[in-house]
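Asker: below: sequence and its predicted model.
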Amino acid sequence: MILGVALPSLHSVAAAVPVGQFEDHGDIGQIQHAGIATFDADTQTYTITGSGANMWATNDAFQFVWRRLSGDVSLSADVRFLGTGGNAHRKACLLIRQGLEPGAVYADAALHGDGLTSLQYRATSSGPTREIQANATGPQTLRIERYGDTVFMSVAPAGEPLRPAGGSFKLKLRDPVFVGLGVCAHDDSRSETAVFSNVKLESRPHVATTNVVLESTLEIVNVASMDCRAIYCARDHFEAPNWSRDGKDFLFNAHGRIYRLPVTGGQPQPLDTGFATHCNNDHGLSPDGTRLAISDQSQGNQSRIYLVPVAGGTPRRVTELGPSYWHGWSPDGKTLAYCAERNGEFDVYTIPAAGGTETRLTTAPGLDDGPDFSPDGNWIYFNSERAGLMQIWRMHPDGGGQEQVTHDALNNWFAHPSPDGKWIVFVSYAAAVKGHPENQDVQLRLMPVGGGEIHVLAELFGGQGTINVPSWSPDSRQVAFVSYRLAPAAER
C-alpha cells in the first residue's frame, strides 16, 4: 500500500492465462518451485503440477487453476496422481475460495496421496482448517458443491455413480467466488503432478426450495485434533448413536427400530427388540455391554423403559409409568436414570435396573432432562432451564448438592461425561431456540470436568437426534454424533 492506495494484485497486473474452461492460474502462498497448469483439448484433461509445504491449518501453498463464479456451484472431476512416492499428504483438490490471497476462507474436496479423501474448510480468514473425512479411500471421482451457504462433497469409485460422502457445513462466502483445481506437494522441496479429467463445472443463481429430502450422517470427532470422519450416510432419518463397550459397533434408532453398524462402516442391521418397534432416541448400553436400555411406546402409546439383551431378544419392562425416557446407567449397572413427565412436570428420576419404585431427584419448576452418570458414580449430570436458559447442572445420585455447571448465553443440552472422567460433551443451541428441535444450527462442545474453557468440537446442522445419548468411544478419544442436511430433492 502506497499513500493509502491499495496496490493491484498479481492477477490484475499480469495478463490472464486461460486454461481450458478456467480463466487463469497461479501459485497461492510461498512456493519454492513454480507450478504448471496445462489443458489437453483432445483428451479434455488438465495436468497440474504444484509445490508447496501444505494446505492445512492457516497455511496455503499450492498451484491453483480457477474461474470466478456466483450462485450455486458444482465442480466434479476424475482425479489421479502421476508417479509414485511423494508425501502421503500431498493433495489434489477441487476448491471454492473467497479469494486468491493466502489465508482466504475456502472449502475443498481433497484427495491425498495415501487415498484419504476429505471435505476441508476454513471458516474465517487466516483461521484454522477443519475437515470431515469421507469413509472412502482413493475414489476416482470427486465433486464439491455449494448450495446457498452449505458446502458438501460426493465421491465415487471407478465405474460407480457419485454418492454423498457424508457431512456438510455452512460457509459464508460472498459472490463471486474462485472455483477450480489445485495441487499441493506437501513438501516444498519437490513438485507433484495430478491429472483431472471429465471436469464438469456448473453455476446457477441460488433458488431456495421447500422440495427437500433429509440426509443423515453418522460422524465421529477426535477430541484432540477436532477432525471429523463420516462413517455412514443415507437419505434417511436416523438418530442418537451409542458406541459399543468393545469399540466395534454403533447402535442407533431409525423408524422405531434399533440398528447396529460396524465402526468401520457398511450397512446397518436391525436388532431384534421383540414387540418394541416404536423406539425413540433414548437408548444406551449397560456398563458391562450385555444389556441395552430402550425407550419404546409400542404398548400404551407412552414411552416406557425396557431392557433387552445386547444380541437381541424379548424386552423386559422397567418403568411402569409413562412417559419415561432413558438417559443413563450407573457405573455398577444397578440403576437407571431417566427423564419422566409426572403430573405435568418433567423431572429426573432413578429406578433399579431390576425394576421397582422410582425416585424423583429434581423438583424445580420447568424442564429437567438428560441425566447421565459420571464414571465414578458420584454425580449425575443433567440439563435444566431453572435458571432461564437451558444449562448443564449436576447432582449427587440421591438428588443432593444440585449445582450449575455451565453459565453462558446458549441453550445447553445432554451432557455426557467421558469414560475417563476428564471431559463433558454436550450440544448447544442458540439462545432463541426453545426445546431441542431438529434441523437447527448447533454446536457440539467439550468442557473439562473440573471447569475451564469450553471448546467447539463441531458446528453442524442437527439438534434432536444428534447426541441425545452417551456416545463416547471406550478410550475417551472420540465422540459419535449425527449431522443432517436438507438436500434438494432434484439435486443433480
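Answerer: Arrived safely.

Asker: please make it C-alpha for all contacts and neighbour counts, starting now.
Answerer: Will do.

Asker: all strands of the stretch 251-400 of the chain, in order?
Answerer: 257-262, 269-270, 284-285, 291-296, 304-309, 316-317, 324-329, 335-342, 345-352, 359-360, 368-373, 380-384, 391-395 (DSSP state E, counting those that start in this stretch).

Asker: who are the contact partners of the nearest residue to W243 once chain neighbours are set aside?
Answerer: In space, and not counting its chain neighbours, W243 is closest to F250: 4.8 Å by C-alpha to C-alpha, 6 or more residues apart in numbering. If a contact means C-alpha atoms under 8 Å, 6 or more residues apart in numbering, then F250 has 241-244, 260-263 as its contacts.

Asker: re earlier: format the strands of the stretch 251-400 of the chain as a markdown table; extra columns: mean neighbour count and mean pLDDT.
Answerer: Shown next, in a markdown table, are the strands of the stretch 251-400 of the chain (neighbours: other C-alpha atoms under 10 Å; pLDDT from 0 to 100):
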| stretch | mean neighbour count | mean pLDDT |
| --- | --- | --- |
| strand 257-262 | 21 | 98 |
| strand 269-270 | 14 | 98 |
| strand 284-285 | 26 | 98 |
| strand 291-296 | 25 | 98 |
| strand 304-309 | 23 | 98 |
| strand 316-317 | 16 | 98 |
| strand 324-329 | 29 | 98 |
| strand 335-342 | 23 | 98 |
| strand 345-352 | 22 | 98 |
| strand 359-360 | 16 | 98 |
| strand 368-373 | 28 | 98 |
| strand 380-384 | 28 | 98 |
| strand 391-395 | 24 | 98 |
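
Asker: and the ones you listed as CSV, adding distance to I31?
Answerer: As requested, the strands of the stretch 251-400 of the chain are exported to CSV (distance: least, C-alpha to C-alpha, whole Å):
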stretch, distance to I31
strand 257-262, 43
strand 269-270, 50
strand 284-285, 51
strand 291-296, 55
strand 304-309, 59
strand 316-317, 66
strand 324-329, 53
strand 335-342, 58
strand 345-352, 59
strand 359-360, 65
strand 368-373, 51
strand 380-384, 51
strand 391-395, 48
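
Asker: and R80, which of the ones you listed is closest to it?
Answerer: R80 sits nearest to strand 257-262 of all the strands of the stretch 251-400 of the chain, at 29.5 Å, using C-alpha to C-alpha.

Asker: got a list of what the spatially closest residue to Y338 that is not a sequence neighbour touches?
Answerer: Leaving aside its chain neighbours, Y338 sits nearest to W326 (4.4 Å; criterion: C-alpha to C-alpha, 6+ apart). Listed by C-alpha under 8 Å, 6+ apart, the contact partners of W326 are 282-284, 293-295, 305, 336-339.

Asker: and W326, how far is that from N468?
Answerer: 10 Å (C-alpha to C-alpha, to the nearest Å).

Asker: any residues in contact with both of those two?
Answerer: With C-alpha under 8 Å, 6+ apart as the test, W326 and N468 both reach D282.

Asker: got a list of what G313 touches?
Answerer: Residues near G313 by C-alpha under 8 Å, 6+ apart: 272-274.

Asker: for ChimeraX, what selects the buried ones among those residues?
Answerer: The ChimeraX selection below is limited to those of these classed as buried (16 or more other C-alpha atoms under 10 Å):
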select :272,273
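
Asker: list the contacts of S51.
Answerer: 31-35, 61-63, 183-192.
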